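**Q** got a predicted structure here, sequence first:
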Amino acid sequence: MKTIVFSLAASALLIMPTRSLASFGAVPSGGGYIVNNGANLVFTITSGGDMSSCKYKGTELNDTGKASCIASGLSASSVTASTNGGNVIIIKCVSTASEFGNMTHYYIVQSGVDNIYMATYPTMEPTVGELRYIFRGQFNVLPNGPADSNNNGNTGAIESTDVFGHSNGQTTSKYYGSERAKDLTVKGATGSGVGVFTAFGNRESSMGGPFVRDIENQGDGSGSDQEIYNYMNSGHHLDLTIGGQHEAFRVNVLHGPYAFCFTAGSTPSVPDMSFIANLGLTGYVGTSGRGRVVLNGLSGMNTAYTYYMGFANTTAQYWTALNSSGGGECYNMKPGNYTMVIYKNELVVWTGSVTVTAGNATTVHTITITGDPSTTATIWRIGDWDGTALEFLNGGNIMSMHPQDVRNTHWGPVTFTVGSSSTGSFPSCQFRGTNSPTTIKFNLTSAQAGAAHNLNIGITTAYNNGRPSVTINGHALSNPGASTQPGDRSLTTGTYRGNNTTFTWSIPASDFVTGQNTLTITPISGSGDLSPWLSASWAYDCVELAN
Amino acid sequence: MNARDSLLLLAAAVCVAGGLVHFHASQKPAAPPVAATFLPACGVSQTGISPHRVAVVPADQPVDPAITQSRQLFAADPDDREGRAFALLADLCRDGNFPIALQLAGEAPADLRDGWLKFVFTRWGGTHPAAAMQAVDTLTDPDQHTAAFQAAVSGWNSRDPAGLADYAHALAPGADHDFALGTALNNWSLQDPAALGTWLNNLPPGSEFDQGAALMLTHTDGANRSPEVAAKWVEAIGDVGLKEKSLANLLNEWSQTDAAAARQYLANAAWVDDSLRGKMLDTLARASAAE
């Protein structure tokens, strides 16, 4: 690799000295660099490792007062530039600031390609508790962002300082409208003749598995910023347990590569980042140093659902969707021992382990699903076990709006009658301060009422240690303990994804009656509530009375 | 003996054992009524089974119709791509015919066998744990034993963590004991902490009590018990590390509802030395600042 490195002390030499600044190259400036990609981009990396200017066809896209950056600024102590093969420029920024320990962040451009590729190598989790790059675009230049996170014209915050109301009763927030990690491709905002998009890139060093969501965008409104993010990790929604193992921040590994893509307004396809393999980035593991897992198939599938296999250890996470017979292949995995799980939609139905070695395929023979609770025989079941609340009342709205948003159907309290009420009328979320209790009415035959039955309530997440307190025909059942869940807000910040948990009560026959029975569900918690919505709560996965 | 033969032998042994289930836990789950019922029909393939064990299954015993059916299914679909053999296995488990299900699993193709073994023991453990554990105990292959044991524990735990805790408590110290007890206490503390509390109160001091008490404190809050009661649990924990961690958890929770009471407890707790008291006060101060 031919590499020319200029230290910060170097004179004002161009990386490509034979060409003018109007063409591909980087020139030292103020301890940082001004980079021209030889096409439509000219951007400035400061001596602190932040991007203070980003011009597309001469139009300044970046906020003129606040730089685009890691966290609130990298505070780099070293910013160096190098080239690779004459058509790639690498700006390497190293920060030894106390909040980062020793972090390396890369900006990379290819000649003639309107993308800024990035990769980040942390040696500790930033003290702020999250790792993300924020592109601070000018809202007035890039006004057309995702609607769910466009706060322009809001009438003020309705929750904390980050969920906003609008005069039409709708709500927006940076938390809304995000995709599951497995679905991340590109996302951004556009303006007149310009578009900026994040290509989220490799997620192996992130956390939380395939179904977590995190902030992707925030439109601050006219005169302010259009923020376009790549969250690599955070405590927002990602503090999860996968396959029985608590997910920790992954450090001393390369996050990415990822990219910011610039267009005349069209949505780009995911860029090919394979050229980065040759650039010698710290922590980059090439294809030859990776292995794969081949799963022959699944036995015991429900063909109504998509199944996935997921892998996690302390250094990496992977996933892939499985085909209709449960087979699949997961590529480009770092060597190591992994917890392997099979998901039925978002519910773990099998857990095991697998070892991956470099250059090899590890074959996993057909897996028999052992942990699908849907196989339990029931007297009645509301919803189905799949790790989501999507089939219930307002379940499809959780990801895109606050529960108080007028687009939601009235939350209740709901009385659900087994046999006549529709699944979609059962609440997706149970808030102590809003829609409690939920009442379930059901009939039992004399034979059914003469036996004990298990009541199972499955949840996908909980807030404020919320868990169900249940009465059956006026008899109170024992109060369960609190499940282990992410500590941050969830149901009001665009996600039902936490740790799937099932509460089970063995209800004695003496509590049942022949004919109509009445069951109530109310949240309990040892903590007080902040508001009707920020109250002890959870999202339902399924409720059933086992036979 | 290979894994398949081991399974076949197990199926035969279970059939012969029939209802001779003895279980030492205080809560004795019912033995599977099907075991004896299916004893006469418990024929197995003879291939590879050592002679003295083959003798326990008369060679002239009829083959169970389900086994005949599964052999036909495997002949037509050797890898069970269509899932019909597995559906038969699931039906057998649903109906409680676990010895036959086990025999079917033992005759499954190698790729499927381990998974089907786990499936059978998970279901078995969930409905007839005593018989399932007795069957597990007859497995001599260590890997197979571990897999079957953990599957049975998983199934049992999903239905009856209290019964599993009794069983685990009676096990000899070792990996099986630790796995079963940890699994049971973790789930029980979630499902019915009040019952777990009663159970723990009958345990002698030791690691089992400490583990359970710490889990109780993690999984409960003011909705289940008062901070004062929780403090008694902390004081009863013997393990120094767990005791300190549990105290920190309690004070953190307590300070959210009554910070003054939490501080007062810390100031007056005779068992807390000055070093630990200082550390906990720092923790409380940081929590307060974070709010």
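**A** Sure, I can see it.
**Q** hey, what's the residue nearest to A:Ala157 when sequence neighbours are not counted bridged with?
**A** Leaving out its chain neighbours, the residue that sits closest to A:Ala157 by C-beta to C-beta, 6 or more residues apart in numbering or on different chains is A:Phe164, at 5.6 Å. (C-beta placed from N, C-alpha, C; glycine too.) A:Phe164 forms beta bridges with A:Ala157, A:Thr172, as assigned by DSSP bridges.
**Q** quick one: neighbours of A:Phe164, just the number.
**A** 24 (other C-beta atoms under 10 Å in any protein chain shown).
**Q** so who does it touch?
**A** A:Asn151, A:Asn154, A:Thr155, A:Gly156, A:Ala157, A:Ile158, A:Thr171, A:Thr172, A:Ser173 (C-beta atoms under 8 Å, 6 or more residues apart in numbering or on different chains).
**Q** could you dump those residues to CSV with neighbour count and pLDDT?
**A** Listed next are those as CSV, based on neighbours: other C-beta atoms under 10 Å in any protein chain shown; pLDDT from 0 to 100:
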residue, neighbour count, pLDDT
A:Asn151, 22, 97
A:Asn154, 20, 97
A:Thr155, 11, 97
A:Gly156, 8, 96
A:Ala157, 13, 96
A:Ile158, 20, 97
A:Thr171, 25, 98
A:Thr172, 27, 98
A:Ser173, 26, 97
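**Q** dump these to TSV, plus distance to A:Gly286.
**A** Below are those laid out as TSV (distance: C-beta to C-beta, whole Å):
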residue	distance to A:Gly286
A:Asn151	42
A:Asn154	47
A:Thr155	52
A:Gly156	51
A:Ala157	46
A:Ile158	48
A:Thr171	45
A:Thr172	42
A:Ser173	39
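**Q** farthest pair in these?
**A** Pairwise distances across the contacts of A:Phe164 peak at 13.6 Å for A:Thr155 and A:Ser173 (criterion: C-beta to C-beta).
**Q** which parts of chain A sit against chain B?
**A** Neighbours of chain B within chain A, by C-beta under 8 Å from any C-beta of the partner chain: A:296-297, A:299-301, A:325, A:365-371, A:375, A:377, A:454, A:465, A:467, A:469, A:478-484, A:501, A:503-505, A:524-528.
**Q** next, check these against the strands and list the overlap.
**A** If you go by DSSP state E, those have A:Ser299, A:Ile367, A:Thr368, A:Asn454, A:Arg467, A:Ser469, A:Thr501, A:Phe503, A:Thr504, A:Trp505, A:Ile524 in strands.
**Q** all strands for the stretch 251-400 of chain A, in order.
**A** Per DSSP state E, counting those that start in this stretch, the stretch 251-400 of chain A carries strands over the ranges A:255-263, A:291-295, A:298-299, A:307-312, A:317-321, A:328-333, A:336-344, A:347-356, A:361-364, A:367-368, A:378-383.
**Q** report the distance from the fourth one to the chain centre.
**A** Same thing as strand A:307-312. 15 Å (C-alpha atoms, centre = their mean, to the nearest Å).
**Q** for the second one, same thing?
**A** For strand A:291-295, the distance between its averaged C-alpha position and the chain's averaged C-alpha position is 24 Å (C-alpha atoms, centre = their mean).
**Q** which single residue in the stretch 1-150 of chain B comes nearest to chain A?
**A** B:Gly115 (3.2 Å; C-beta to the nearest C-beta).
**Q** that residue: how many residues sit nearby?
**A** 26.
**Q** before we move on, the earlier item: ok, so of the contacts of A:Phe164, who is nearest B:Ala270?
**A** Taking C-beta to C-beta as the measure, B:Ala270 lies nearest A:Ala157 of the contacts of A:Phe164, at 47.7 Å.
**Q** what is the nearest of the ones in strands among the residues of chain A next to chain B to chain B?
**A** So of those, ranked by how close each gets to chain B (C-beta to the nearest C-beta), first place is A:Thr368, at 3.2 Å.
**Q** show me what contacts that closest one?
**A** A:Leu298, A:Ser299, A:Gly300, A:Trp350, B:Phe86, B:Leu112, B:Gly115, B:Trp116, B:Lys118, B:Phe119.
**Q** ok, what's across the strand from it?
**A** A:Ser299.
**Q** give me the pLDDT for it.
**A** What the model reports as pLDDT for A:Thr368 is 89.
**Q** please apply the same query to B:Thr37.
**A** For B:Thr37, the predicted pLDDT is 23.
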